[in-house]
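Colleague: Next one to model:
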Amino acid sequence: MTRDELYEIIKLRIEVFVVEQDCPYQDLDDKDKNAYHLFVEDNGLVVAVLRILPEGVSFEDMAIGRLIVKKSYRGRGISRKMMNKAISFIINDLNKSKIRLSGQAYLLEFYESLGFKRVSDVYLEDGIDHYEFLYEKDAD
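Modeller: Residues are numbered from 1 along each chain as shown. Next up is the predicted model:
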C-alpha cells in the first residue's frame, strides 16, 4: 500500500465514522499495522474500505472491521462484494474457519445474509449499538 492510499483510507474512515456518524473516537488504534486492507478506488479516489485482522488482535479469531463505503457510492452492492472477498480470502487463502466482527446493530440483516450469526446481546461501542457476529465455515 502506498502512502497516498493509506492517507485516503484514513481520510474516508474519519469522514464516515467520525464526521458523518458524529462519533468522536480514536481511529488510529495500532491495529492497522497488523491488518490486511481491502479497498476500492474509483479514478484514484478510495470509495470503500475494510480491514482484516489476524487472530488475537481484536478477537481470538480472525476479524473483519472498519467496513465503510463513501456515502455517494452506497446502494451499489460494494459492501457485499467486499465482505464476500474478505471472507473468501480468510477461508481459502489464510485457511481459517472462523471470522468475528463487531457490527452496528442496524446492519444485522446484512451480516446475517452473509452467513454471520449474532453471538451477543446488543452493546454500546463508541455510543452506537453493536452486536458481535461469528462466521463459521460450513456451519449450519
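Colleague: rest of the way, CA atoms for contacts and neighbours
Modeller: Will do.
Colleague: how about the strands in this structure?
Modeller: Using DSSP state E, the strands of the chain run over 36-42, 45-53, 62-69, 98-104, 117-118, 123-125, 128-136.
Colleague: May I see the buried residues of the first one?
Modeller: Right, strand 36-42. For strand 36-42, burial by neighbour count (16 or more other C-alpha atoms under 10 Å) applies to 36-40.
Colleague: likewise stretch 10-27?
Modeller: 12-17.
Colleague: Take the buried residues of strand 36-42 and write them to a markdown table, including pLDDT and distance to residue 91.
Modeller: Putting the buried residues of strand 36-42 into a markdown table (pLDDT from 0 to 100; distance: C-alpha to C-alpha, whole Å) gives the following:
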| residue | pLDDT | distance to residue 91 |
| --- | --- | --- |
| 36 | 96 | 14 |
| 37 | 96 | 16 |
| 38 | 97 | 15 |
| 39 | 96 | 19 |
| 40 | 96 | 21 |
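Colleague: Turn these into TSV, columns for distance to residue 50.
Modeller: As requested, the buried residues of strand 36-42 are exported to TSV (distance: C-alpha to C-alpha, whole Å):
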residue	distance to residue 50
36	9
37	6
38	5
39	6
40	9
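Colleague: okay, among those, which ones form the most distant pair?
Modeller: Spatial extent of the buried residues of strand 36-42 (C-alpha to C-alpha) is set by the pair 36 and 40 at 13.6 Å.
Colleague: Residue 72: neighbour count?
Modeller: 8 (other C-alpha atoms under 10 Å).
Colleague: which stretches of the protein have low pLDDT?
Modeller: Flagging of the chain using pLDDT under 70 yields the residue ranges 139-140.
Colleague: now do 90
Modeller: 1-3, 6, 17-30, 32, 44, 126-127, 138-140 (pLDDT under 90).
Colleague: Quick check: closest non-adjacent residue to residue 90.
Modeller: Nearest-residue entry for residue 90: residue 96, 5.8 Å, with adjacent residues in sequence omitted and distances by C-alpha to C-alpha, 6 or more residues apart in numbering.
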